[in-house]
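Next comes the sequence, and after it the predicted model I'd like to discuss.
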Amino acid sequence: MSLVICLLALVWPAGAAAVPAAARTHRASHVHDYVNFVTLFTNQGFTLPGARVRVRRANERKFRWQAMSDRRGELGIRVQQGAEYELTIDAHGFQPQTRKIDTREGNREDLTIPMEQLAGGKR
């Protein structure tokens, strides 16, 4: 048994040393991220869970990020700073909405958005 422990002691540091130090300590940096915090409400002031929020760059057609609002009608999406984005909100029974986001200044935006119910829509 002690022979196995001695062999493990010899192998363990060698395996750990094979990985470069930069690779062991590297973490993704969010220094240049812009965070959009969104809270969605109904006409009656209730939170709106399950709404889909999609984000794309203003000059592109393809949406690159998306999230769903939680039970409190809240969500957060990170995008890169320095560009203009378009945020689109879709929820069953509610009128879709689009907002422009300018990330050239600052690093955060808090949006509180009341969603308008469609005529005859039930929620």
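Sure, I can see it.

List the backbone torsions phi and psi for E105.
The phi/psi pair for E105 (degrees, to the nearest 10) reads phi -130, psi 140.

Next, find the distance separating it from G82.
Counting by C-beta to C-beta, to the nearest Å, the gap from E105 to G82 is 9 Å. All C-beta atoms are positioned from the backbone trio N, CA, C, and that covers glycine.

Mind checking which of those two has more residues around it?
More crowded of E105 and G82, by other C-beta atoms under 10 Å: G82, with 11 against 8.

Now the more buried one: closest residue in space that isn't a chain neighbour?
With C-beta to C-beta, 6 or more residues apart in numbering as the measure, R104 is the residue that lies nearest to G82, at 5.7 Å, once sequence neighbours are left out.

how near is the one you found to E60?
17 Å.

Need the pLDDT of the residue positioned nearest the centre of the chain.
Relative to the mean C-alpha position of the chain, the nearest C-alpha, by C-alpha atoms, centre = their mean, is the one of I77, at 3.0 Å. The score at I77 is 93. That number is its pLDDT.
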